[in-house]
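Trainee: Below: sequence and its predicted model.
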Amino acid sequence: MARQFVIQREEHQAVPSGSVDFSGELNPRQLEAATWGAGPVLVVAGAGTGKTRTLVYRVAWLIDTGVLPEHIVLLTFTRRAATQMLTRASGLLDGRCSRVRGGTFHAFCLTILKKYASKIGYPSNFTVLDAADSADVIDILRARYTSKADGKRFPKKRTLQQMVSSMRNRGLALADVLESTWPQFVEFEERLGKMFDEYASYKQAQGLMDYDDLLVLTLKLFQSQPQVLREVASMCRHVLVDEYQDTNRAQALLVRALSSVHGNVMVVGDDAQSIYRFRGADLGNILSFRDEFAAAAEIKLEHNYRSTQSILDLANEVLTSAHRRLDKQLFTERSKGDRPALVPAPDDRFESRFVSQMILQFREQGVPLNQMAVLFRNGQSSYDLEVELNRRNVPFVKYGGLKLSEAAHIKDILAHLKVLENPRDAVAWNRVLQLLEGIGPKTSGRIIEWISKAGDTPFQIDNGAFSAAYVDSLMRLFQVLRGIHGSTMTPADQIETLSEYYAPIMRNVYSEDYPKREPDLDHLTGIAARFSDRAAMLDSLALDPIELSAINVEELENDEPPLVLSTIHSAKGLEFKVVFLIQALDGVLPSAYSVGSTEALDEELRLLYVAVTRAEDHLFITYPMIQFRRYEGQYFAKPSRFLVDVPESILEPCTLVESGSPAPDVLEERSKESSSMIESSESGSAAGEMLPPLDGLPF
């Protein structure tokens, strides 16, 4: 028998090199997580407990102890989060951290599919459809399954898109999805099943994948090609997952698959911040992690570095009502601070005046506007406040709206790039062709059919019989596409060329506001300059849409950074010195649609928890006592049921009362024993008394 020599594996040296002071930089629980050895572990990280810091040090520790960076996979929900973590880890250690394979689930799956797509019947140059394009494909197919003779309501394209996405991300049968969410469409189950099957076949025939396909088809690849799974998983010696509470069922299965060879998986998350059920997030993934992974350990991060203890007391109290949760108790070494205030207002207008005045007072005391936020459950909840802020000339930005890559004129340019990358992309061709005068849906369909038969010469027009109404514009289009297709232009140069061609089309199609759209083309060119490869740019835009279209956000010139207005969902992960949670009404938070479901009510409770834990120093929760309904007039509103039973020792009850003289500084009043936020000059005003709208007050 031949002699054997055992070489010590470099990946697991006994101790780190000592270049990073892990024990000095982390608290005991963070240190335990960052230096965890082998096997599965769940890190329950409460709000503000240094989750990101812990993951950064985890990456640095693994590399410092000899693990090859290429053998570490860091999965996050935004590309920016992964980039920031790896940049911070590089700052701790060295440039090796940049070689960690980090990114979103979808981006990581895309890299796998680009390599192995042929094994499941897809070309390697497949196109990724964005949400709008996939809805358009569904709409094309929908027409074949909708009969006017039925006399019954058939689901619209967006609903159909949500159905198929829910089935695939949650791993549910169509019957279960219909029964639980869309029972009104149960009678169409057979028809819907056939349509969704045709949707899958259509995409494969055209070389298209939608966003959900990136996850589902990667799982299909692993299931049908065990050797591919072994090859991929063997390179994933350590799998780290951020925000695990937001994963859907498909993502949880991917985590199991990627860690199937080595078994080293660390998931980090907070069940109390699971607020994306409408996107398919499954709270059960984090709650059942220790059941899914045998012998998994659990580490709790409860030391909060963001908020005062008074704010954390409210956050802890809120969670006691949750039916399903992981136990934890947030604490801090910061001072107790002011209790969060519960402030009822006579009506919407008075609530807006109060919030606006408080914002200006905090600003005068040195708190920048961009360190303050107004949060709300629904976008429309801030409309009245926006009017008041504009009246007071307070600059603000509201989170939400279209992404740049969802704006129609940008989608037009991207469609041209898509047909250059994948000439079989019928969805992109349809958009490109219908921009030309004289070409409607039927003509577009005939031209696309002709293009599909053109083989390797999709941009030639020589042999086609085309109408004089559009042949010149079609020839011009093909001339531009041929010029780009046969060149070595960078993506930025390609967009420059397309923008010159597209400019007169944009002026015609968007005649009312095309000047506002033109700067977006320059913005897109600047973004493209970051890429050397067209396919990489298209994939990046599909996976991580770019925000801030010039048509939706006016840039503030020569002004201070603006106040933040945001839905609670959009504010997750952010923090502010001062937070106002407005419209805290029953029927709004929780939503009226959630009342019949314990699971939905729990998620609404977690929304409140997320809102509360955005505040560092001061928290005000407000609601109007009078509301208005069309056809019903005024009615008395109720505060959120989540707040009614919170002890006054945790949530300070306050009143707004009419003042006959200019209101004193509200911030100074908080330090007095009086519970009034704005004192009345007349002692006869009863605390909590409903007041009429107060015209002429300094609010």
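Mentor: Cool, the structure landed. Residues are numbered from 1 along each chain as shown.

Trainee: what is the rounded mean pLDDT of stretch 85-105?
Mentor: In this model, stretch 85-105 has an average pLDDT of 84.

Trainee: What residues sit buried inside that stretch?
Mentor: Within stretch 85-105, the residues scored as buried using 16 or more other Cβ atoms under 10 Å are 85-86, 88-90, 92-93, 96-97, 100-105. (C-beta placed from N, C-alpha, C; glycine too.)

Trainee: same check, this time on stretch 467-476
Mentor: Y470, S473, L474.

Trainee: out of the buried residues of stretch 85-105, who's nearest L435?
Mentor: Among these, T104 lies closest to L435 (Cβ to Cβ), at 31.3 Å.

Trainee: Quick check: that closest one vs K442, distance?
Mentor: Distance, T104 to K442, using Cβ to Cβ, to the nearest Å: 39 Å.

Trainee: Just the terminal-to-terminal distance for stretch 384-398.
Mentor: Length of stretch 384-398, first residue to last, Cα to Cα, to the nearest Å: 13 Å.

Trainee: buried ones in that stretch?
Mentor: Within stretch 384-398, judged by 16+ other Cβ under 10 Å, the buried ones are D384, L385, E388, L389, V394, F396, V397, K398.

Trainee: among the buried residues of stretch 85-105, which are in strands?
Mentor: Residues of the buried residues of stretch 85-105 located in strands (DSSP state E): R101, G102, G103, T104.

Trainee: Please tabulate the buried residues of stretch 384-398 in a markdown table, including the columns pLDDT, secondary structure and distance to G39.
Mentor: Formatted as a markdown table, these follow (pLDDT from 0 to 100; DSSP: H, G, I helix; E, B strand; the rest coil; distance: Cβ to Cβ, whole Å):
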| residue | pLDDT | secondary structure | distance to G39 |
| --- | --- | --- | --- |
| D384 | 81 | helix | 54 |
| L385 | 88 | helix | 50 |
| E388 | 87 | helix | 55 |
| L389 | 89 | helix | 52 |
| V394 | 91 | coil | 53 |
| F396 | 88 | strand | 48 |
| V397 | 85 | strand | 45 |
| K398 | 83 | strand | 45 |
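
Trainee: farthest pair in these?
Mentor: Comparing all pairs in the buried residues of stretch 384-398 by Cβ to Cβ, the longest separation belongs to D384 and V397, at 17.6 Å.

Trainee: Turn the buried residues of stretch 467-476 into a markdown table, columns for distance to E421, secondary structure and pLDDT.
Mentor: Listed next are those as a markdown table, based on distance: Cβ to Cβ, whole Å; DSSP: H, G, I helix; E, B strand; the rest coil; pLDDT from 0 to 100:
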| residue | distance to E421 | secondary structure | pLDDT |
| --- | --- | --- | --- |
| Y470 | 24 | coil | 86 |
| S473 | 22 | helix | 90 |
| L474 | 20 | helix | 89 |
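
Trainee: picking up where we left off before, nearest to W182, of the buried residues of stretch 384-398?
Mentor: Nearest to W182, judged by Cβ to Cβ, of the buried residues of stretch 384-398 is K398 at 30.9 Å.

Trainee: The residue nearest to the closest one when sequence neighbours are not counted: how many residues sit nearby?
Mentor: Spatial nearest neighbour of K398, excluding adjacent residues (Cβ to Cβ, 6 or more residues apart in numbering): L565 at 4.3 Å. Using other Cβ atoms under 10 Å, L565 is surrounded by 24 other residues.

Trainee: and what of E449?
Mentor: 10.

Trainee: from the buried residues of stretch 85-105, which is closest to L414?
Mentor: For those, the closest approach to L414 (Cβ to Cβ) belongs to T104, at 19.4 Å.

Trainee: I'd guessed that closest one sits against D539; true?
Mentor: No: using Cβ atoms under 8 Å as the test, T104 is too far from D539 to be in contact (11.4 Å).

Trainee: Pass me the low-pLDDT residue ranges in the protein, would you?
Mentor: Low-confidence segments of the chain (pLDDT under 70): 1-18, 147-151, 400-405, 455-456, 462-465, 512, 544-559, 628-633, 658-699.

Trainee: For S382, grab the count of nearby residues.
Mentor: Neighbours of S382 (other Cβ under 10 Å): 22.

Trainee: chain center to the host helix or strand of the residue nearest to K398, what's the gap?
Mentor: Taking DSSP states H and E as the definition, L565 sits inside strand 563-567. Chain-centre distance of strand 563-567: 16 Å, with Cα atoms, centre = their mean, to the nearest Å.

Trainee: So which bits of the helix or strand just after it are buried?
Mentor: Using DSSP H and E, the next helix or strand after strand 563-567 towards the C-terminus is helix 568-571. Neighbour counts over helix 568-571 (16+ other Cβ under 10 Å) mark I568, H569, A571 as buried.
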